[in-house]
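**Q** predicted model and sequence below, questions to follow.
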Amino acid sequence: MCLATFASEYRVVSKSERAVHRVKLNNDCGFVVKRTRTQPAVVRYVRFSETKNPELFYQSILQLFLTYREDGQLKPAGFEMFEQFYRHGHVRLGDELLHSVKAVVDLNRCKFERDADELDNIQNSIDNDGVLEDAWCELCPEQELERLECIEERRETEQIVEEHVDGIPDLVVNSKDVAHLEKRNNVLNREDGLALVRSLNETQMCIFYQVRQWCLGRVNGAKPDPIHVFITGGAGTGKSHLIRAIQYEANRLLQRGCPDDICVLLTAPTGIAAHNLNAATIHNAFSIGKDVRLPYTPLGEEKLNSLRAKYSSLQLLIIDEISMVDHKLLAYIHGRLRQIKQSGDYSPFGNVSVIAVGDFYQLPPVKGKALYLDDVGVDLWSRLFKVAELKTIVRQKDPVFSELLNRVRTRSKGTPMLDSDIEILKRCETGEVSSALHIFPTNRQVNEHNVVQLLESCPDYVKIEAQDYVNSKKT
Ligand SMILES: Nc1ncnc2c1ncn2[C@@H]1O[C@H](COP(=O)(O)OP(=O)(O)OP(=O)(O)O)[C@@H](O)[C@H]1O
């Protein structure tokens, strides 16, 4: 056996130790015993550099991995260098056959030197470039970030505990009377946030991670280009669910330590859409009037200053229900962000990243043209935004019904519906009068339904005739 095998499988027995199966060494050199462990022991030995000290390198590997009895056998007559013997020599082993020295050494060596080449490369790069100060951060930025966050969170908790121990009288006596915490209602706690992220399906997760990667790039100072993503998909494919997860994660990553900074802004074009998402309307968020006209009218200094202060940290804008945003409104968002961010060039949206979410099969803009129809002026939509599509309907568990909904969604006006689809929809009719939300195709039907509902819920109504008038432009 070679020296490395011997060192890993046997151990020297001290004189006083009475090991049962000890083996006596020749020339009165003491005793050894086979180790009882199932895995060979790790052997530590000096590693010489093959390029810098070739002679020592080859001598050491021959000593460790070739079977020999005397030192002279490692460089027999006829070989001037250990390397020569390693490469061209032959030895006769216990099986009486002639073996190449290289084959024997390499075979034994690979049992002990796993990943040795990688380790050599690392050692070389450390020798040449020195130790990287933040190596872990480069290798695995996400884990490093989370580690730093954990440290930060722990420090904060420790601080709070310390303050509590010191005992601030007002807070200790009756905290309810003297202080209250204001909860920001669109901020999830870590547990709920993680649960939300874990609930995403594969496609949602893929988009989520792309945005997360961008956020990490920003936080790590890599200055990635702004992203422009259009997340689309039919009703119930989980668009809003996904943006809630994105909003949570992007806020968590970008908002480094200042909870009041607005780094991620969630908006929607209409009040109802904004209310449902706990978001701001686009008009309100950017001080945009009701009737926007092009060319763009810049915002006055006073309002601009307050928006600059409010959005100084803004890095990501999310616009839900993008199907209701028209070209003019998008141009105004671009204009406002350019003014707020003082980008000084024509970079879209003042270099703020934008995630637009919606479904062009759903409601179009109240006035103006939908974004997928031809652009006016600068192209802020079709060439800029990358499309990410969610296809699986998660709102419905029944796959047959989901497919039906998808067919209804993409059906053009003249195409008849499948008989089987009509039959399934008819089966859903219960005939019951219900207070559930009703959807009608025309305003007239909506008004009729609303009046009926109103009279039912409030029979003692009083009718007051409205008097409408128009302000005279002269006065
Ligand atoms: N990955 C998921 N796993 C389980 N449920 C999900 C998932 N994604 C979304 N949901 C749920 O499916 C329902 C529909 O999702 P969501 O409202 O986000 O869809 P949407 O695409 O925004 O629909 P719409 O276009 O009608 O607004 C919600 O109740 C949501 O909680």
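**A** Here it is on my side, so go on.

**Q** for the chain, which residue gets nearest to the ligand?
**A** At 2.9 Å from the ligand, G238 is the closest residue in the chain, using CB to the nearest ligand atom. The C-beta positions use only the backbone N, C-alpha and C, and glycine is treated the same way.

**Q** residues touching that residue, list them.
**A** Taking CB atoms under 8 Å, 6 or more residues apart in numbering, we find G238 in contact with L200, N201, Q204, L390, T392, V394, R395.

**Q** neighbour-wise, which one of those residues leads?
**A** Counting neighbours by other CB atoms under 10 Å, Q204 leads those with 25 neighbours.

**Q** for that one, phi and psi?
**A** Note on Q204: its backbone torsions stand at phi -60, psi -40 [degrees, to the nearest 10].

**Q** list the contacts of it.
**A** Shown in contact with Q204 (CB under 8 Å, 6+ apart): G238, H241, L242, A245, L390.

**Q** how far away is it from K111?
**A** 47 Å (CB to CB, to the nearest Å).

**Q** before we move on, the earlier item: next one, pLDDT for the residue of the chain closest to the ligand please.
**A** For G238, the pLDDT comes out at 93.

**Q** can you check the one 5 residues further on too?
**A** pLDDT recorded at I243 is 93.

**Q** show me where the stretch 1-150 of the chain has helices.
**A** For the stretch 1-150 of the chain, the helices defined by DSSP state H, counting those that start in this stretch cover 3-9, 54-65, 82-88, 101-112, 116-129, 135-139, 141-166.

**Q** next, give phi and psi for L307.
**A** Note on L307: backbone dihedrals following degrees, to the nearest 10 are phi -70, psi -40.

**Q** which parts of the chain sit against the ligand?
**A** Counting by CB under 6 Å from any ligand atom, the chain comes close to the ligand at 199-201, 204, 233, 235-241, 359, 394-395.

**Q** out of these, which are inside helices?
**A** Q204, K239, S240, H241 (DSSP state H).

**Q** buried ones only from the residues you listed, please, as a ChimeraX command.
**A** Filtering those down to the buried ones (16 or more other CB atoms under 10 Å) takes a single ChimeraX command:
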select :204,239,240,241
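
**Q** between the ones in helices among the residues of the chain next to the ligand, which is closest to I282?
**A** S240 (16.4 Å; CB to CB).

**Q** isn't the closest one right up against N278?
**A** No - the pair S240 and N278 does not pass the contact test of CB atoms under 8 Å, sitting 10.9 Å apart.

**Q** how many neighbours does the residue nearest to R11 when sequence neighbours are not counted have?
**A** Nearest residue to R11 in three dimensions, chain neighbours excluded: R35, at 5.7 Å (CB to CB, 6 or more residues apart in numbering). By other CB under 10 Å, the residues close to R35 number 13.

**Q** nice, that's everything, thank you.
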